[in-house]
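[1] model this:
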Amino acid sequence: MFHSNYNLRESNTFGIDVTTRLFARPQTIKEAKEALKEAHHLALPVFVLGGGSNVLFTKNFDGLIIKPAFLGIEVVNQTEDKVYIAAGAGVIWDDLVAWCVDRNWGGLENLSHIPGTVGAAPVQNIGAYGAEAKDVVSAVEGIYIDTLKSFSLSAGQCAFGYRNSIFKNDLKGQTLITRVFFILSTVPQPNTNYGSIEQELQNQPDRSIQSVRRAVVAIRSQKLPDPQILGNAGSFFKNPSVAASLVMEIQEEYPNIPIYPSDIEGHYKLPAAFLIEKSGWKGARKGNVGVHKDQPLVLVAYEGASGGEVLELSTQVEASVKQKFGIQLEREVNVI
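    Residues are numbered from 1 along each chain as shown. Below you'll find the predicted structure:
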């Protein structure tokens, strides 16, 4: 079950060439517990890796990396207007979205084409185009890494926030998610009010969730580089929530800056991509790394790039935005 000195280049979308001392891909909870027991025996740190699309390795990992391979999607219950499903943590996220949209079950279509696995979705509270995982997640099951005891947390207990959850705070590094539960609608109400979905829907035959999915896939394919071609982890930074007074100051110089509601009172959310571009970084390249020419929220790793180079670039981008706008960007990517 174990691989020693396992190369992680194909297991992270930046394509960083690093290794881990031990690597395991358990298909059952029993196998996961056996892997964790071995890590405990060797006193090794443990890191749970999903699709590798939201992580930046800056050096070799001297521990155990577990990549859950818990598969399967099942219907748990169904009512007249709701369907309750469960999906294994190792299921590819977009496969789950496609599975649900094919059955005309609404709620996930705006989250189409997001890389990664089901188990990572509640950790990051993934979101796109006016939707977030928290809108449809009802519960999360897993095991605690230290005690091997099982847990089940309701959506409320997961403390979801913008690109945030209890798994990134109080329980950071303490859990291995095995299964995620969702509540979807059998009477879909497409959400097309965010970004360019409305515009893209003009190229689709109708306004069904199938068309919304196709629209989102088309938009994301146009905006974001394919990590198989150019190493990246999608959005590297979160969109910052900024005090209304500072937003007004920025508006005076940039009247066309997009502004979105924030869950913080007296604040508005500003697009990090706009701030990065106006700080002069769009399309910039520094050695083996750079900022994408079309989407400045995306940092890219060219052939031969190290995680340290990507991290240094991100630090420079943060400093520029801080100097120009007085706003501290926060990384969305997990740095190891």
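[2] burial measure for the closest residue to residue 331 other than its chain neighbours, as a count.
    Distance criterion Cβ to Cβ, 6 or more residues apart in numbering; nearest residue to residue 331, sequence neighbours excluded, is residue 237 at 6.0 Å. All C-beta atoms are positioned from the backbone trio N, CA, C, and that covers glycine. Residues contacting residue 237 under the criterion other Cβ atoms under 10 Å number 23.
[3] My guess is residue 237 contacts residue 279. True?
    No: applying Cβ atoms under 8 Å as the test, residue 237 and residue 279 come out as separate, 11.8 Å apart.
[4] Excluding covalently adjacent residues, which one is nearest to residue 31?
    That would be residue 1: by Cβ to Cβ, 6+ apart, it lies 6.2 Å from residue 31.
[5] Now do the contacts for that neighbour.
    Residues in contact with residue 1 (Cβ atoms under 8 Å, 6 or more residues apart in numbering) are 24-26, 31, 34-35.
[6] Tell me which helix or strand residue 21 sits in.
    In the assignment (DSSP states H and E), residue 21 maps to strand 19-24.
[7] correct me, but residue 58 touches residue 308?
    Yes: with contacts counted by Cβ under 8 Å, residue 58 reaches residue 308, the gap being 5.2 Å.
[8] Dump the contacts of residue 1 into TSV; add distance to residue 212, neighbour count and pLDDT as well.
    Listed next are the contacts of residue 1 as TSV, based on distance: Cβ to Cβ, whole Å; neighbours: other Cβ atoms under 10 Å; pLDDT from 0 to 100:
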residue	distance to residue 212	neighbour count	pLDDT
24	38	23	97
25	33	19	96
26	35	21	96
31	38	17	96
34	42	15	96
35	39	22	96
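[9] Show me where the stretch 101-250 of the chain dips below the pLDDT cut-off.
    195 (pLDDT under 70).
[10] the helices in it, which residues?
    121-124, 197-201, 209-223, 244-253 (DSSP state H, counting those that start in this stretch).
[11] Mind listing what's buried along the shortest one?
    Using 16 or more other Cβ atoms under 10 Å as the burial criterion, the residues of helix 121-124 that qualify are 121-124.
[12] Stretch 16-33 too?
    With the criterion 16+ other Cβ under 10 Å, stretch 16-33 contains buried residues 16-26, 29, 31-32.
[13] now swap in stretch 80-96 and tell me
    Of the residues in stretch 80-96, those buried (16+ other Cβ under 10 Å) are 83-94, 96.
[14] picking up where we left off before, would you mind giving me the confidence score for the residue nearest to residue 31?
    Residue 1 is assigned a pLDDT of 71 by the prediction.
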